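S.K.: just the structure for this:
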Amino acid sequence: MAEEWKDKVIQEKLGGKKDWTDEERAELCRQLDEELESHIDAMGKTRYKGGWTEENWKEQMAEHPLFAPYIQEEGATQAEAPINPLSEGLAQLKFDPDHNTPEGNYRSAIKDCEKAVELKTDYLKAVVRAVDCATKLNSWDEVFHWCDRGLRLDPTNQKLKTDRLTALKEKKLLERNARKMARDENKKATEEQNLINAIKNSGVQLGSTVLKGSSSISLSDLEPCHPAAQGSRVHFNESGELVWPVMLLYPEHHETDIIQEFPESDHIIDHLEVIFGKEAAPAPWDTEHKYQVNNLHVFFEDKEKTKLCKVDPNQTLQQVLRDPRYHVLGGTPGFIILVEGSRFMKDFVSKYSI
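M.R.: Residues are numbered from 1 along each chain as shown. Predicted coordinates for the structure are as follows:
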């Protein structure tokens, strides 16, 4: 096959002439170089994508000027064209898409170094190469192994000494970070358990379960369901009291407000003053300016949602949440706000027993 390709080149480039002069040989080499460069330029300057696979390697080789002469021409039968050793070898390659990665290449290189030192135990160059690859993989124990092996061959090798010292520092840093992460996770778990215990011992009822004396509560039970309250889960403040996200519902206008941090010691009226006090701008949906702090009523639904329970706005959130009729749903206490004497309030309240 190689002779056929050679004859083909001679025929195309030199018209079949075989007694080449030095000038003709140089000209042939120049032409072949130009053709190869032209082919590479024609492939474009974009980043190479889509490597050779088991399915396309033959087509890829057929387009390459170096390999094209070895590929069986289209239409030729297997009997007409002998199997080229290069083609046969490529066909037997095992394609592994995960191998051709930086990590896979470094790991493969270390295996090659292992084989090399098996054949030549004092092959220091292979040892140094393994150290470099293990360093790239951040595999510090392997770096120690290869550095120690190399220093037994060359105790004065400064590179191996430096690499080993660097690996020792990096491993200590890794271990320190792991210990810190473990401490942080333990601290977080302790804080979360303290939070759960505080809620359980307070007697707050979550959903339909009475938490006091129960061990069934979990943090997932305390995650707010309303999108506006996400990230505002109940927590302790600096004074050690529970702080809840609280939802105010205005059914007349199908609107809601989320108070992301409502300490249990705060009174309901304190927050109503901020939202509906004299200094507060009316809500965009309150076009009639009916929602004034002095003519608002606060309610909550009982567990069965059949009874509307009136709330004294001068009570603290803690007092309301300890009411045996109250149940915290979705980790977010909620209250219904209605305007006193309005037609909507009369209609709304008539649907419940009070």
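
S.K.: can we go C-alpha only for contacts and neighbour counts from here?
M.R.: Fine.

S.K.: show me how far the helix or strand hosting Asn177 is from its chain's centre.
M.R.: Element membership for Asn177 (DSSP states H and E) is helix 158-202. Centroid separation for helix 158-202 versus its chain: 20 Å, with CA atoms, centre = their mean, to the nearest Å.

S.K.: which other helices and strands does whichever helix or strand comes after it contact?
M.R.: Next along the chain after helix 158-202, taking DSSP H and E as the criterion, comes strand 205-206. Strand 205-206 is packed against no helix or strand, with contacts defined by 3 or more CA pairs under 8 Å, 6 or more residues apart in numbering; DSSP states H and E.

S.K.: show the average pLDDT along the helix or strand hosting Glu34.
M.R.: If you go by DSSP H and E, Glu34 is part of helix 22-42. Helix 22-42 comes out with an average pLDDT of 70.

S.K.: report the rounded mean pLDDT for the helix holding Asn177.
M.R.: Average pLDDT, helix 158-202: 91.

S.K.: one more: stretch 236-246?
M.R.: 90.

S.K.: wait, isn't Gly207 in contact with Thr332?
M.R.: No: taking contacts as CA atoms under 8 Å, Gly207 lies outside contact range of Thr332: 10.3 Å.

S.K.: compare neighbour counts for those two and give me the winner.
M.R.: Using other CA atoms under 10 Å as the criterion, Gly207 and Thr332 rank with Thr332 on top: 25 against 15.

S.K.: can you report phi and psi for that one?
M.R.: Dihedral angles of Thr332 (phi, psi; degrees, to the nearest 10) stand at phi -140, psi 110.

S.K.: which non-adjacent residue is nearest Asn157?
M.R.: Take Asn157 and drop its neighbours on the chain: the residue closest to it by CA to CA, 6 or more residues apart in numbering is Leu151, 6.6 Å away.

S.K.: can you tell me the element that neighbour falls in?
M.R.: Element membership for Leu151 (DSSP H and E) is helix 140-153.

S.K.: which parts of that helix are buried?
M.R.: Under the neighbour-count criterion of 16 or more other CA atoms under 10 Å, helix 140-153 has Trp140, Glu142, Val143, Phe144, Trp146, Cys147, Asp148, Arg149, Gly150, Leu151 buried.

S.K.: what's the answer for stretch 315-326, then?
M.R.: Buried residues in stretch 315-326, counted by 16+ other CA under 10 Å: Thr316, Leu317, Gln318, Val320, Leu321, Tyr326.

S.K.: the first one against Asp270, yeah?
M.R.: No: shown here, Thr316 and Asp270 do not form a contact pair, counting by CA under 8 Å, at 9.3 Å.

S.K.: helix/strand/coil for Ile258?
M.R.: Under DSSP: H, G, I helix; E, B strand; the rest coil, Ile258 falls in the strand class.

S.K.: now do it, the pLDDT please.
M.R.: So Ile258 comes in at 92 (pLDDT).

S.K.: the residue nearest to it when sequence neighbours are not counted: what secondary structure?
M.R.: Once flanking residues are discounted, Ile258 sits nearest to Met247: 4.7 Å by CA to CA, 6+ apart. When classified by three-state DSSP, Met247 comes out as strand.

S.K.: what number of residues are in the vicinity of Met247?
M.R.: 20.

S.K.: and the gap between it and Leu195?
M.R.: 21 Å (CA to CA, to the nearest Å).

S.K.: Glu238 too?
M.R.: In terms of CA to CA, Glu238 sits 13 Å off from Leu195.

S.K.: so between the two, which is more surrounded?
M.R.: More crowded of Glu238 and Leu195, by other CA under 10 Å: Leu195, with 20 against 7.

S.K.: ramachandran coordinates for the residue nearest to the more buried one when sequence neighbours are not counted?
M.R.: Closest residue in space to Leu195, ignoring its immediate chain neighbours: His235 at 6.9 Å, by CA to CA, 6+ apart. Backbone torsions of His235, given as degrees, to the nearest 10, read phi -160, psi 170.

S.K.: correct me, but His235 touches Val243?
M.R.: Yes: the pair His235 and Val243 passes the contact test of CA under 8 Å, sitting 5.4 Å apart.
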